[in-house]
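> Attaching a predicted model along with its sequence, questions to come.
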Amino acid sequence: MAFTLPALPYAHAALAEVGMSQETLELHHGKHHQAYVTMLNGFVEKNADLQGKTLEEIVAFAKDKADLAPVFNNAGQHWNHIHFWNALSPNGGRPGGRLETKIIADFGSVTAFKDSFKTAAATQFGSGWAWLVLGTDGKLKTTKTANGSNPLATGEGKPLLGLDVWEHSYYLDFRNRRPDYVSNFLDTLANYEFAEANLG
């Protein structure tokens, strides 16, 4: 069964007043994400070893295999973007509940968490992602991954909240100002309820 592009959990214009334009969402979701899905389906169709596997299984299977690097990249990007659309909200930007309590316990403060996340996002050279993860030691931490990789592949922990820092995710709205895009995400767009649900 072919992979499909999931619908956004909000309208394309829903984030326009909080820093992500309708044009950005239409291009990012409808063009970039769709391209990853189309490419992945093409690879699966031609490779019997990939058929019948879940998206997560394909990411794990293709990891560190040079001949399957395009498969890994497109499967990873499909998984990452499914996560990313849910990590955004028109009513985001305010961590609370269990997540806020754990952030303060593990980082010292919400501000310290945001500073750590900003550093991860800003220092990811070129294309990639910044993440808040629940580490294997049970503590929250921030990390970054290159290109289509993610914490599932690196083994760094359970992804709670991921931010796409590829230029196509912010260039129409923020030009080359990645730090402003990251700050706007953390303070306005981030769906901390989604992150808390991922805590389990």
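Alright, I've got the coordinates.

> The spatially most central residue of the chain: what's it in contact with?
For the chain, Gly162 is the residue whose C-alpha lies nearest the centre (CA atoms, centre = their mean; 3.5 Å). Counting by CB atoms under 8 Å, 6 or more residues apart in numbering, Gly162 touches 80, 83-84, 87, 129-132, 150. Every C-beta, even on glycine, is put in place using the N, C-alpha and C of the backbone.

> Also Phe84?
Each residue near Phe84 by CB under 8 Å, 6+ apart is listed here: 162-164.

> Where does it sit, in terms of helix or strand?
helix 69-86 (DSSP states H and E).

> wait, isn't Lys141 in contact with Ala112?
No: judged on CB atoms under 8 Å, Lys141 makes no contact with Ala112 at a distance of 11.7 Å.

> neighbour-wise, which of the two wins?
Set Lys141 next to Ala112 and count neighbours by other CB atoms under 10 Å: Lys141 wins out with 19 against 13.

> roughly how far apart are that one and Thr111?
As judged by CB to CB, to the nearest Å, Lys141 and Thr111 stand 16 Å apart.

> Check Gly126 too.
Separation of Gly126 from Thr111 (CB to CB) stands at 28 Å.

> again with His32
According to CB to CB, His32 and Thr111 sit 32 Å apart.

> Between the two, point out the one with more neighbours.
Between His32 and Thr111, counting by other CB under 10 Å, His32 is the more crowded of the two (15 against 11).

> For that one, give me its contacts.
Residues near His32 by CB under 8 Å, 6+ apart: 81, 168.

> Show the low-confidence segments of the chain, by residue range.
Judged against pLDDT under 70, the chain has no low-scoring part.

> Now do the helices in it.
Counting by DSSP state H, the chain has helices at residues 22-27, 34-46, 55-62, 69-86, 97-107, 110-122, 151-154, 171-174, 178-184, 192-199.

> Same list (the ones you listed) but as CSV, adding distance to Leu8.
CSV is the format used below for the helices of the chain (distance: least, CB to CB, whole Å):
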stretch, distance to Leu8
helix 22-27, 7
helix 34-46, 12
helix 55-62, 18
helix 69-86, 5
helix 97-107, 23
helix 110-122, 22
helix 151-154, 22
helix 171-174, 16
helix 178-184, 18
helix 192-199, 13
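
> and among those, the most buried is which?
Comparing the helices of the chain by mean neighbour count (mean count of other CB atoms under 10 Å), helix 69-86 ranks first with a mean of 22.

> chain center to it: distance?
On the basis of CA atoms, centre = their mean, to the nearest Å, helix 69-86 sits 8 Å off its chain's mean C-alpha point.

> Over to stretch 139-158?
Its chain's average C-alpha position is 10 Å from that of stretch 139-158, according to CA atoms, centre = their mean.

> Now do the buried residues in that stretch.
By 16 or more other CB atoms under 10 Å, the buried positions in stretch 139-158 come out as 140-145, 147-153, 156-157.

> Where strands are concerned, which of the residues you listed count?
Per DSSP state E, strands hold the following members of the buried residues of stretch 139-158: 140-145.
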